[in-house]
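A.B. asks: quick one, structure for this:
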Amino acid sequence: MLATVSSATLLGVDGCPIRVEVHVGSGVPSFTIVGLPDATCREARDRVRAALLSSGFRWPQHRVTVNLAPTAVRKGGAGLDLPIAIGLLGADGQLDPDRAARIAFFGELGLDGSLRKVTGILPLVAAAAERAVVVPAGCAAEAALPGRAAVLPALSLRNVVLALCGEDSWAPVPAAEPAGPPVDEGDLADVRGQP
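C.D. replies: Numbers count the residues shown, from 1 in each chain. Next up is the predicted model:
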């Protein structure tokens, strides 16, 4: 079975939309990621497996192929863990793939299934064509800054799946931190030995 999930990756400081295509089929049990992933992205196999099992989901005993399209764009970082996990659950029949349609997913998975903050969430969300984005709760305030997408914060992989199925609610969007007092930038005249 095939499932496709939307996400994005960073190219320098710009976001580039990508599609995470996951195919679960017959064959010797294996897990392969293709589409120019870097070393961190290839390590997603181990993080996703541990997160799925820790969250009470099955690890498929089939041949799993993950394609990060477009294949000509280099993909990096652990921010693709969540879309890979959602695609894997959809392709394995543990989640209805239609529930993840028209939503972009971003987030690094901890081995316990928790969602961790992603660097550069602002350009990633801006690159997503979808009107709703699922992000780690710690990134929600930053992800909401552009105001063009509905931000759905989550605490864990299990929280994401249950919220998609309507059995749990999304985590609240934390309030933006107020600006602190003005920072004293100092003066070079205060440095000893400087005229």
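
A.B. asks: so where's the protein uncertain?
C.D. replies: 174-183, 188, 194-195 (pLDDT under 70).

A.B. asks: strands of that one, start to end?
C.D. replies: Ranges of strands within the chain are 2-11, 14-25, 30-34, 63-69, 103-105, 108-109, 115-116, 132-136, 150-154, based on DSSP state E.

A.B. asks: who are the packing partners of the fourth one?
C.D. replies: This points to strand 63-69. With contacts defined as 3 or more C-beta pairs under 8 Å, 6 or more residues apart in numbering; DSSP states H and E, the packing partners of strand 63-69 are strand 14-25, strand 30-34, helix 81-91. Heads up, the C-betas are built off the backbone N, CA and C, glycines and all.

A.B. asks: contacts made by stretch 108-124 with the rest, please.
C.D. replies: 7-10, 13-15, 47-48, 50-52, 54-55, 77-79, 81-82, 85, 106-107, 135-139, 142-143, 145-146, 154-160 (C-beta atoms under 8 Å, 6 or more residues apart in numbering).

A.B. asks: sorry, slip of the keys, the one I care about is stretch 162-169.
C.D. replies: With contact meaning C-beta under 8 Å, 6+ apart, stretch 162-169 is reached by L95, D96, R99, A100, I103, L152, A154, N159, W170.

A.B. asks: got a winner among these for most neighbours?
C.D. replies: Most neighbours among the contacts of stretch 162-169, by other C-beta atoms under 10 Å: A154, with 25 neighbours.

A.B. asks: next up, the contacts around L10.
C.D. replies: C16, G76, G77, T119, G120, P123, L124 are the contacts of L10 under C-beta under 8 Å, 6+ apart.

A.B. asks: what's the closest non-adjacent residue to V66?
C.D. replies: Of all residues not flanking V66 in the chain, I33 sits nearest, at 4.6 Å (C-beta to C-beta, 6 or more residues apart in numbering).

A.B. asks: that neighbour and I103, how far apart?
C.D. replies: I33 is 21 Å from I103, where distance means C-beta to C-beta, to the nearest Å.

A.B. asks: could you do I86 as well?
C.D. replies: 9 Å.

A.B. asks: again with A51
C.D. replies: 19 Å.

A.B. asks: wait, G107 touches G138, no?
C.D. replies: No: if you go by C-beta atoms under 8 Å, G107 and G138 don't touch, sitting 9.6 Å apart.
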